[in-house]
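Novice: got a predicted structure here, sequence first:
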Amino acid sequence: MTGHSNGQGPVVEVQGVSKQFPTDHKARVHAVTEVSLHIDHGETLAVVGESGCGKSTLANLIIRLHDVDQGRILLKGVDITGLDPREMRVHRQTLQIIFQDPFASLDPRVRVGASVAEPLMVHKVATKEEAKDRVRRLFELVGLEQSMLDNYPHQFSGGQRQRVCIARALALNPELVIADEAVSALDVSVQAQVMNLMLELQQELGLSYLFISHDLAVVERIAHRVAVMYLGQIVELGSREQVFRDPRHSYTKRLLSAVPIADPRQRTERPLLTGEIPSPVWPAGAGPELVTHTEVEPGHLVADEG
């Protein structure tokens, strides 16, 4: 699979984006540092890396849950970086997010049908009757029974709850859905069902996904392109085949080597991830060394290692 650019330009572009957070001791966490990437229409870009590498912060910056310190975010060519919440509201329909924990994402006191309808009512894009019809169609789309519309979240399994969250994310017909560890809390068999659903919806609706994950087996299944993050910076970016079959950066190689291999005949001596990840916390005025990238083949960028 390759990127699915269809002449419309990227659905989202991240240009040199950085984000720091203050700590108690006048130091700063450099969560994201000078990250640039784009996602084409109908494409899945996966961002992978260990916990604390900046993946979720990047997702939150794109959806504007955090403000960027520097850089720009373009949504369908429109700079959304400095928009206030009221101005941003019109763009929320293009951009939706599915979080890791489907139970925490749903209000336990609200019937799931009303939860899925909520974005339609908040954005005033449907009457009550239209919203009911839309929710029924969304339930059908994600493989849930109409009879479940009046149930509460606790009456659903984890996989069903995540389907409800997907239905809610799709209510406003977004073009980009950010899936932040969206299947990592699910059993392996349920993970497969939800991933199949996401792939079917992508085919049917032309969705783009930003897929945040630490699970490389899942990423290999779903992604067109892969960005590898380490300490807030992208160290490798390429097609799924380039990154998985021909990893060039030492960190990518170690990350891939940590993926379990079922067939013992295929196991070889592999470089392992050892020790603690260096801290992203720096004293005030200091910061990480910025990586520079080399394009080792078309579309395959690798951070230079000194």
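Specialist: Sure thing, it's come through.
Novice: ok, longest strand in the protein?
Specialist: Scanning the chain for the longest strand, with DSSP state E as the assignment, gives strand 27-39.
Novice: counting contacts, what elements does that one pack onto?
Specialist: strand 12-22, helix 55-62, strand 70-75, strand 208-213, strand 233-239, strand 281-283 (3 or more C-beta pairs under 8 Å, 6 or more residues apart in numbering; DSSP states H and E). Heads up, the C-betas are built off the backbone N, CA and C, glycines and all.
Novice: make JSON lines out of these and add mean pLDDT and distance to Y152.
Specialist: Listed next are these as JSON lines, based on pLDDT from 0 to 100; distance: least, C-beta to C-beta, whole Å:
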{"stretch": "strand 12-22", "mean pLDDT": "93", "distance to Y152": "34"}
{"stretch": "helix 55-62", "mean pLDDT": "92", "distance to Y152": "28"}
{"stretch": "strand 70-75", "mean pLDDT": "95", "distance to Y152": "34"}
{"stretch": "strand 208-213", "mean pLDDT": "94", "distance to Y152": "28"}
{"stretch": "strand 233-239", "mean pLDDT": "96", "distance to Y152": "41"}
{"stretch": "strand 281-283", "mean pLDDT": "64", "distance to Y152": "42"}
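Novice: out of these, which is closest to R168?
Specialist: Nearest to R168, of all these, is strand 208-213, at 15.9 Å by C-beta to C-beta.
Novice: parallel or antiparallel, list what pairs with the closest one.
Specialist: Sheet pairing of strand 208-213 (DSSP bridges) gives strand 44-48 (parallel), strand 176-180 (parallel).
Novice: what angle separates the last one from helix 55-62?
Specialist: Pointing back at strand 176-180 there. 150 degrees (axes from the mean of the first three to the mean of the last three C-alpha atoms, to 10 degrees).
Novice: can you list contacts of strand 176-180?
Specialist: Strand 176-180 is contacted from outside by 11-12, 39, 55-56, 59, 62-63, 75, 94-100, 169-170, 198, 207-213, using C-beta atoms under 8 Å, 6 or more residues apart in numbering.
Novice: in the stretch 101-250 of the chain, where is pLDDT below threshold?
Specialist: Within the stretch 101-250 of the chain, the set of residues satisfying pLDDT under 70 is empty.
Novice: go again using 80 as the cut-off
Specialist: Scanning the stretch 101-250 of the chain with the threshold set as pLDDT under 80 gives 101-103, 182-187, 189-190.
Novice: I am finished for the moment; much appreciated.
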